[in-house]
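[1] pasted the sequence and its predicted model underneath.
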Amino acid sequence: MIFALPPAEVAIHPAEENNVHEFYLMCDDIGALVNQMESLKVECSKVQQLSWGLLTKIELPGSGKLGIYQPLHARPKPMRVEAPKIKAA
């Protein structure tokens with residue numbers, strides 16, 4: 001299966017511990033996201049202001065938390081990929 005995704009970023013940072021993996025989703029407006037989640041009865045953690053963005057976390061069913069952040073760092077422009085044009089025979 002192949003899924004289409006919106007623009008995304010990958011960041012790799014050194015860690016003091018091995019086997020540390022974190023996965024975050026990004027959003028354009030953390031305040032609007034928190035309001036929308038609360039209207040859906042999804043509890044968000046208090047928004048933290050970090051050097052790289054505004055971060056909240058939501059509890060996932062079955063345990064675990066998912067971080068969602070609004071980036072404050074410089075970001076590359078999203079790539080645009082167009083489907084190849086097929087010539088009629």
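    Perfect, thanks for sending it.

[2] stretch 58-69 - what's its average pLDDT?
    The pLDDT scores in stretch 58-69 average 89.

[3] how far off centre is that stretch?
    Here the centre of stretch 58-69 is set off from its chain's centre by 12 Å, with C-alpha atoms, centre = their mean, to the nearest Å.

[4] same check on stretch 47-56?
    12 Å.

[5] now name the helix or strand holding the residue nearest the centre of the chain.
    By C-alpha atoms, centre = their mean, the mean C-alpha position of the chain lies nearest to residue 25, the distance being 1.5 Å. Using DSSP states H and E, residue 25 maps to strand 24-26.

[6] quick one: name whatever helix or strand follows that strand.
    Proceeding N to C from strand 24-26, the next assigned helix or strand is helix 30-39, under DSSP H and E.

[7] circling back: and the residue nearest to the centre of the chain, how far from residue 79?
    According to C-beta to C-beta, to the nearest Å, residue 25 stands 19 Å off from residue 79. For every residue, glycine as well, the C-beta is placed using N, CA and C.

[8] what about residue 9, how many residues nearby?
    Using other C-beta atoms under 10 Å, residue 9 has 11 neighbouring residues.
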